[in-house]
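Novice: Sequence and predicted structure are below.
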Amino acid sequence: MAKILEVKHLVTSFFTHLGEVQAVRDISFSLEKGDILGIVGESGSGKSVTSLSIIGLVDDPGEVVSGSVIFEGKELTKLSDRELNKYRGNDISMIFQDPMTSINPVYTVGNQIIEVIRAHSDMNHAEAKARALELLDLVGIPEPLTRIKSFPHEFSGGMRQRVLIAMALSNNPKLLIADEPTTALDVTIQAQILDLMRNLQAKMGASIIFITHDLGVIAEICNKVIVMYGGKIMEKADIMSLYEKPQHPYTIGLMQSVPKPETGQKKRLVPIKGSPPDLLKPPTGCPFSPRCEHAMEVCLKEAAPLYKISKTQFASCWLHDKDAPVVKGFVKCESVPDEETEVLL
Amino acid sequence: MKNYYVRRILSAILTLFIIATMTFFMMKLMPGGPFARERPIPPEILALIEEKYNLNDPIFVQYYKYMAGVVQLDFGNSYTDVGVDVTEQILLKFPISMRLGLYATILVVIIGIPLGIVSALKQSTWVDHAAMLVATIGVTIPSFVVAVVYISLVAGTLGWVDAFGLDKWTSYIGPVLALGAYSLSFVSRLTRSSMLEVLRQDYMRTARANGLSKFKVLYKHALKNALIPVVTYLGPMFAAIITGSFVVEQVFAIGGIGRYYVISVAARDYTMIMGITMFYAAIYIGMVLLVDMTYSWIDPRIRLGKSSGE
Amino acid sequence: MVNKMRDFKFIDSSKKMDKEQIRESLTYWKDVWRRLKKNTIAVIGLIGVIIVILFGVVGPMFSPYYFSDQITDFSYLTPSLDVFQITDTEDGDLENYFVHLNNDYRLFLISEDGHIIERLTRTRVDRSIWTYYYDYEGEEIAVDYSRRVGDEYTGDIDYTVTYEGVETLYPTKTVWNKTYLLGSDHLGRDILCRLMYGARISLTVAFVAAIVNLIIGVTYGSISGFKGGATDNLMMRIVDIINSIPLVIYVILLMVLLNKSNMWTIILALGTVYWVGMARLVRGQILSLKDLEFVLAARTLGVSQGRIISRHLIPNAIGPILVSLTMMIPTAIFTEAFLSFIGIGMSAPAASWGTMANEAISLLEKYPYQLLLPSLAIGITVLSFNFLGDGLRSALDPRLRKG
């Protein structure tokens, strides 16, 4: 299957008056058509900045320092803001975390949806309005005819998120980036939104990048996962491999710190001790090493390369090196050489 | 919605009523008696005057007669300038002040708002710093200082314009500037901070993520939201211009109602003071009412009014 | 594969702790002070405020004058004096004296360094040759202003001074008025001294009025906010009604009512009216704080309402209260100056900046310095307090941080 998106060695930093904060420190991944990729990580891991970097919405004082983002063969990092606008809301759409504040309160919902439609097509007002009504129906807003004239504050949080999804889907995007779309919502609403996204993806054949810190959500809808920490990718894998045999201490730690009602046993939650690194003075070596129970001397000094666990699983951890001591659960394998240009997962 | 409008109007009328009452009783409390002058007035004339001004009637009758007059917009005659009708004087002198006030308002809107917007867009550049420094100074320097400095500099030393009166069109520059300087600075700072606040909002990010042009994003999405607090300021701005007029008209020797008010106060012309006070109160309350009613139209979140801000 | 010698030894936890990065913590007030210090404008304001306070409090002690001391002979003298040298050759020793002519054609004898010695009497006038004559130690000094009168007045020579036959066309030099450092007013009072006393008045009125407003406003606002419900509604209605006309008008009316114009009536008038802003602010703060959990906790512990307000709620609202207080001061200063300026504030011979401006306004054309100086005093003081208040507001509100 063709690769719809390729991110290669992306580096994004914020140049503040305190210094350079390296939010994204050399990450690479790819997406094939129809993938639902989950990016999971704590606050500060760089996941949101990654998504913003893809569509060029990283604001001052931040900028994409190096690397490339190739969408359907086109290099996005070289495009001007105006050229990127043709993609945004059109082929690549994005929805954000807080629906309560993400819609302009002084214009009607219809006005705003129609605006997005007409920005990327030749439809006149009537046609755009018809499409807008279609979309509202599609995302499950009851009584679209009256609601299209309503203002955002007349909708609940879940409804607003649906409106935002309608906006994002209005021009049939090929790639939808969802940055924690359900974090600000109730669990029951969350389930509805996830259902909606799953259906839409099946119907429209879009690819999705789903950013979250919630492993449960990942398990629900993603087929591939990237685990980020400290601006770097710790592990990337297909969903089954990640959950059955995680190959990075951080991933394992994440799994252990989440309560699992299914097991039925009384087990203690094991939090990961310590706190995320300060990206103003980024640590040399593996960013997770201060908190890792298997840390070795080399981990503090050098960041590990990606080790190929399988065709669909890669982990950035020295424990996979043949020269490293054997630790239960971590397989030994070859690392991906630095010169490798093709992104394998 | 209509309910809200009706309530506001009734509330305004009630307020005016209360203020008229307050003013009346305040004036009655004036020490020294109404006609204590340097030269004692012969008793017969005093009696006549008391008759004319109803001073012999019990207080409630006086009050009733006064309020009846107010409703008919009759504020009686001047205390000190006998025979001069208060309402007439007000109507005579008011237009001059109103014109000045209008020009000042135009100045504020045409320069203040764009200045604030530009400063916000170019935040932290020299444009921003320079504009805001000027604005901060403008907000802190009292209007008569501006007036005085203007006169001594532009009219005095440089001699470009006439200092006093309103004969030539150039004479308007000084008073309008002095009247508007404070509000202009305030509005530009307000617009700037409001704009900055709006630019940070999540919905701005949404608009950009949806690929809307920069122009649209700014002028459609940002501006309307940013101007909401500015509209709210229009009421207080009006008050600032009114109080500013007291001083500016004095310094520039302009025969408007502001100056007349000050003269009446200094002369203890009670009826005139009462009349002009009521006049100001009515205009101000009317203005605030107008702003309030349009405000709920501008910001759809504020449909049903809130009684007393947060 | 490049064979780097990598060390695959496990490390113990102590080494890992070093790698943990902890940013140093700041207490709230330390942070506020830090931000305030960085704000140049606020620092300028702070310095300005300190200077004004020193000016008013300590200044008068250094002045040889009292604010009402007047020497009418020495009125209308500017801070900088153009002087003409007159040389007394009779006694043999070349003592240099200087004379200065003010805008009303009064001639003064000035010492070399600028002290005013005496005013010289005008003996006669000869209008045919546009000359005034003054007596100096028996001799005549002639001041010829004919060039000023004609159509060919170029502004070059205003007048000439002739003594003992020597005519001086241009002022010899310009000296600073050492007797009256900022000049003298229309009654011969030292302006600098009066400015200092004016500072005292402005600052006293401002601080006392601000404190009064603070007390009334905070009490009113916290009761209203805390009680809520009907009480709150009523109390805020009253505030709304008071606020429905510009507050200055009340002050004006009150001053007319009180009929006595001194510092205390002004403070009273200000205190009666300006608390409404503070009340509303405090009420708002209390409203947003009173539903927080620590209040609930205090209530459950049986803490009395008064205590809850004074020890829990108000300290948490202190930020905006402080800013509001700081901004009340320039408002009070300005209002007092404004009242005095329009004639219902302090009355003569009190040295309020407003009264000084009021007395000087008719002299604007001839002696602009008399109006300019008190106006600048007002402007600079108000400016400083506003800068400081602005800076405080930014420092106390973390959201407004730039970059």
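Specialist: That came through, no problem.

Novice: then stretch C:339-358 to CSV, C-alphas only?
Specialist: Backbone C-alpha positions of stretch C:339-358 (Å, rounded to 0.1, in the frame of the first residue of the first chain) are rendered in CSV as follows:
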residue,chain,number,x,y,z
LEU,C,339,-11.2,70.2,41.8
SER,C,340,-8.7,72.8,42.8
PHE,C,341,-8.2,73.8,39.2
ILE,C,342,-11.8,74.5,38.6
GLY,C,343,-12.1,76.4,41.8
ILE,C,344,-13.8,74.1,44.3
GLY,C,345,-10.8,72.3,45.8
MET,C,346,-8.2,73.8,48.0
SER,C,347,-8.4,77.5,48.4
ALA,C,348,-5.7,80.2,48.6
PRO,C,349,-3.1,80.4,49.9
ALA,C,350,-2.9,76.6,50.0
ALA,C,351,-0.3,75.3,47.6
SER,C,352,-2.1,72.5,45.9
TRP,C,353,-0.9,71.9,42.4
GLY,C,354,-4.4,72.4,41.1
THR,C,355,-4.7,75.8,42.8
MET,C,356,-1.3,76.8,41.4
ALA,C,357,-2.5,75.9,38.0
ASN,C,358,-5.7,77.7,38.5
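
Novice: can you pull up the bridge partners for residue C:174?
Specialist: residue C:82 (DSSP bridges).

Novice: Chain neighbours aside, what residue packs nearest to whichever residue of the stretch 51-200 of chain A sits closest to chain C?
Specialist: Proximity of the stretch 51-200 of chain A to chain C (Cβ to the nearest Cβ) peaks at residue A:61, 7.2 Å away. C-beta here means a position set from N, CA and C on the backbone, and glycine is covered the same way. In space, and not counting its chain neighbours, residue A:61 is closest to residue A:15: 4.7 Å by Cβ to Cβ, 6 or more residues apart in numbering or on different chains.

Novice: Enumerate the positions of the one helix or strand the one you found maps to that are buried.
Specialist: Element membership for residue A:15 (DSSP states H and E) is strand A:3-16. For strand A:3-16, the neighbour count (16 or more other Cβ atoms under 10 Å in any protein chain shown) marks A:3, A:4, A:5, A:6, A:7, A:8, A:10, A:11, A:12, A:13, A:14 as buried.

Novice: got the contact list for the helix or strand following it?
Specialist: Using DSSP H and E, the next helix or strand after strand A:3-16 towards the C-terminus is strand A:19-32. With contacts defined as Cβ atoms under 8 Å, 6 or more residues apart in numbering or on different chains, strand A:19-32 is touched by A:1-15, A:37, A:46, A:49-50, A:53, A:62, A:67, A:175, A:207, A:209, A:224, A:226, A:228, A:230-233, A:236, A:279-282, A:343-345.

Novice: Could you rerun that using 6 Å?
Specialist: Here strand A:19-32 makes contact (Cβ atoms under 6 Å, 6 or more residues apart in numbering or on different chains) with A:1, A:3-14, A:37, A:46, A:49-50, A:207, A:226, A:231-233, A:236, A:279-280, A:282, A:343.

Novice: Just the CA atoms of whatever helix or strand comes next after it, as CSV, please.
Specialist: Downstream of strand A:19-32, the first helix or strand assigned by DSSP H and E is strand A:36-40. Coordinates of each C-alpha in strand A:36-40 appear next as CSV, following Å, rounded to 0.1, in the frame of the first residue of the first chain:
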residue,chain,number,x,y,z
ILE,A,36,-5.0,4.8,12.3
LEU,A,37,-1.8,5.7,14.0
GLY,A,38,-1.8,6.4,17.7
ILE,A,39,0.9,8.7,19.2
VAL,A,40,1.0,8.1,22.9
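
Novice: Identify each buried residue in the next helix-or-strand element following strand A:36-40, please.
Specialist: Next in sequence after strand A:36-40, counting helices and strands by DSSP H and E, comes helix A:47-54. Within helix A:47-54, the residues that qualify as buried are A:47, A:48, A:49, A:50, A:51, A:52, A:53, A:54, counting by 16+ other Cβ under 10 Å.

Novice: strand partners of the strand holding residue A:15, parallel vs antiparallel please.
Specialist: By DSSP bridges, strand A:3-16 pairs with strand A:19-32 (antiparallel), strand A:62-71 (antiparallel).

Novice: Could you measure from residue C:142 over to residue B:76?
Specialist: 61 Å (Cβ to Cβ, to the nearest Å).

Novice: So what touches the strand holding residue A:15?
Specialist: Contacts for strand A:3-16 (Cβ under 6 Å, 6+ apart): A:20-24, A:26-33, A:49, A:53, A:58, A:61-62, A:64-71, A:207, A:343.

Novice: Tell me how far it lies from the chain's centre.
Specialist: Remark: strand A:3-16 is offset 13 Å from the chain centroid, using Cα atoms, centre = their mean, to the nearest Å.

Novice: now that strand: mean pLDDT?
Specialist: On average, the pLDDT along strand A:3-16 is 90.

Novice: now the strands: where do they sit in the chain?
Specialist: As the question left the chain open, I've gone with chain A. A:3-16, A:19-32, A:36-40, A:62-71, A:74-75, A:92-95, A:175-179, A:207-212, A:224-229, A:232-238, A:307-310, A:313-315 (DSSP state E).

Novice: Chain C was what I was after
Specialist: Under DSSP E, chain C gives strands at C:80-88, C:95-101, C:107-110, C:116-120, C:122-126, C:131-136, C:139-144, C:160-163, C:166-168, C:173-176.

Novice: Give the pairing partners of the shortest one; include direction for each.
Specialist: When you say that, I think you mean strand C:166-168. Here, using DSSP bridges, strand C:166-168 pairs with strand C:160-163 (antiparallel).

Novice: Give me the buried positions along the strand it pairs with.
Specialist: C:160, C:161, C:162, C:163.

Novice: How far off centre is that strand?
Specialist: Chain-centre distance of strand C:160-163: 42 Å, with Cα atoms, centre = their mean.

Novice: Outside of it itself, list whatever touches it.
Specialist: Residues beyond strand C:160-163 that count as contacts (Cβ under 6 Å, 6+ apart) turn out to be C:84, C:86, C:141, C:142, C:143, C:144, C:167, C:168, C:169.

Novice: Neighbour-wise, give me the winner out of those.
Specialist: Ranked by the number of neighbours (other Cβ atoms under 10 Å in any protein chain shown), the contacts of strand C:160-163 place residue C:84 first, at 25 neighbours.

Novice: give the contact list for the residue of the stretch 51-200 of chain A closest to chain C.
Specialist: Here residue A:61 is in contact with A:14, A:15, A:16 (Cβ under 6 Å, 6+ apart).

Novice: mind putting those in TSV, distance to residue A:192 included?
Specialist: Shown next, in TSV, are those (distance: Cβ to Cβ, whole Å):
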residue	distance to residue A:192
A:14	35
A:15	41
A:16	39
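
Novice: ok, so of these, who is nearest chain C?
Specialist: Of all the contacts of residue A:61, chain C sits closest to residue A:16, with 6.8 Å by Cβ to the nearest Cβ.

Novice: partners of that closest one in the sheet?
Specialist: For residue A:16, the beta-bridge partners under DSSP bridges are residue A:19.

Novice: On the pLDDT front, check residue 83 for me.
Specialist: Answering for chain A, as no chain was given. For residue A:83, pLDDT reads 90.

Novice: my bad, chain C
Specialist: In this model, residue C:83 is scored at 80, pLDDT.

Novice: if we can go back for a sec, dump the contacts of strand C:160-163 into a markdown table; add distance to residue B:299 as well.
Specialist: Compiled in a markdown table, these are given as follows (distance: Cβ to Cβ, whole Å):
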| residue | distance to residue B:299 |
| --- | --- |
| C:84 | 70 |
| C:86 | 75 |
| C:141 | 75 |
| C:142 | 76 |
| C:143 | 70 |
| C:144 | 73 |
| C:167 | 77 |
| C:168 | 73 |
| C:169 | 71 |
